[in-house]
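Trainee: Here's a sequence, model it:
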Amino acid sequence: MAAARTEILDLPTRASASDRRFAIRLAAAGVRFVRRQPLGTFGLLIVLMMVLAAIFADQIAPYAPEKQSLRHRLEGPSGEHWLGTDATGRDTFSRLIFGARISMTVGFGAVLISSVGAATLGLVSGYLGGWADKIIQRLVEAWQAMPGLIILLTILGIVRRMENVNVVFAMVLAIGLLSIAGTSRVIRSQVLIVRHQQYVEAARSMGAGHVRIILHYILPNVFPLILVTMTVALGGVILAEASLSFLGFGPAGEPSWGQMLSIDGREYMRRQAGLAIWPGVCIALAVFGFNIFGDALRDTLDPRLRSR
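Mentor: Purely as a prediction, here's the structure:
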């Protein structure tokens, strides 16, 4: 009894020691990533700045995004308005900060939906094979054949006419669902390789069920690929959101980078060039940051590229 009591008392000590070892390994991996992937680290810093701006927009922005001051309309950069003002005197810097919140919300939400759906389809299709794989892949091909931009414009055009419907949520759902098909084929190709490995055959011979094999043996080995595809896809989704907002299908009355380019940027670019330059710079930085960080993450997590 005394030995058992001593062992129970030692459990928190063992847990804290394992947590410290995990933290040390994680810190060492972060240092290696910074040393070996300086460009990817720069992209990660851009991504973190965008995410922090989206989360703490209320604290960072000096003005409310809808606050108007016709006395200061179309002014250039100054100490009061760092990046100038638009046609109704709204602060451009504040609207850019709040625009990051919409872009990050749409980006992360759509990529999350896309990744979960694509991982489910890719794992099931690649693992089962046979007729199940053929049927799923024919459905995926039909899914990919649909004109995505036309479907997005149609859905958002209908949603904008409906009352009590969040346009941002509809945009997240539509972009996420339309992005599932292409990503699922990439995951399926990796599953086809992993399912023939010896450890999967050993688990099957020991009586492990299909769900256990998928969750405990295949998914952990495919997860790095899923993580990389999520990171790279974020830039494309942000660009898609900006394009839809530029075409006038974004959330009405809310600051969005694409909407700022479309309305004030096109009409008043000659009088106040910053109205077109700064939203374009934000979109370019977001796409660039996610892309180079995703490439660096792929080089780090892919064992073939790492050994090379």
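
Trainee: mind giving me the domain ranges of the chain?
Mentor: Dividing the chain into domains by automatic domain parsing, as the record does, gives the ranges 1-36, 43-307.

Trainee: Which of those domains has the highest mean neighbour count?
Mentor: Sort these by mean neighbour count, taking mean count of other CB atoms under 10 Å, and domain 43-307 sits at the top with a mean of 18. Heads up, the C-betas are built off the backbone N, CA and C, glycines and all.

Trainee: Let me see the mean pLDDT of that one.
Mentor: Averaged over domain 43-307, pLDDT sits at 87.

Trainee: Would you pull up how far it lies from the middle of the chain?
Mentor: Taking CA atoms, centre = their mean, to the nearest Å, the mean C-alpha location of domain 43-307 is offset from the chain mean by 4 Å.

Trainee: Beyond whatever helix or strand Ala142 lives in, next helix or strand please.
Mentor: With elements taken from DSSP states H and E, the one containing Ala142 is helix 130-145. Reading on from helix 130-145 to the C-terminus, the next helix or strand found by DSSP H and E is helix 148-160.

Trainee: which residues are contacting that following helix?
Mentor: Here helix 148-160 makes contact (CB atoms under 8 Å, 6 or more residues apart in numbering) with 165, 167, 170-171, 174-175, 178, 240, 244, 247, 249, 252.

Trainee: ok, which pair from those residues is furthest apart?
Mentor: In these, the most distant members under the criterion CB to CB are Leu178 and Ala252, with 22.2 Å between them.

Trainee: any idea how far the spatially closest residue to Ser69 that is not a sequence neighbour is from Pro77?
Mentor: With CB to CB, 6 or more residues apart in numbering as the measure, Gly89 is the residue that lies nearest to Ser69, at 3.6 Å, once sequence neighbours are left out. From Gly89 across to Pro77, the span is 14 Å (CB to CB, to the nearest Å).

Trainee: longest single helix anywhere in the chain?
Mentor: Longest helix of the chain, by residue count under DSSP state H: helix 92-128.

Trainee: Helix 130-145 and that one, what's the angle between them?
Mentor: Comparing the axes of helix 92-128 and helix 130-145 via axes from the mean of the first three to the mean of the last three CA atoms, to 10 degrees yields an angle of 150 degrees.

Trainee: helices or strands up against helix 92-128?
Mentor: Helix 92-128 is packed against helix 38-55, helix 57-60, helix 130-145, helix 167-178, helix 180-194, helix 219-246, helix 257-260, helix 274-301, with contacts defined by 3 or more CB pairs under 8 Å, 6 or more residues apart in numbering; DSSP states H and E.

Trainee: So for Trp82, which of the ones you listed sits nearest?
Mentor: With CB to CB as the criterion, Trp82 lies closest to helix 274-301 of the helices and strands packed on helix 92-128, at 10.0 Å.

Trainee: Just list what the closest one packs against, helices and strands only.
Mentor: Using 3+ CB pairs under 8 Å, 6+ apart as the contact test, the elements touching helix 274-301 are helix 2-36, helix 38-55, helix 92-128, helix 219-246, helix 257-260, helix 303-307.

Trainee: got CSV for the ones you listed, with distance to Gly84 too?
Mentor: Below are those laid out as CSV (distance: least, CB to CB, whole Å):
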stretch, distance to Gly84
helix 2-36, 36
helix 38-55, 18
helix 92-128, 5
helix 219-246, 20
helix 257-260, 12
helix 303-307, 44
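
Trainee: Out of those, the one nearest His210 is which?
Mentor: Between the helices and strands packed on helix 274-301, helix 92-128 lies closest to His210; by CB to CB that is 7.2 Å.
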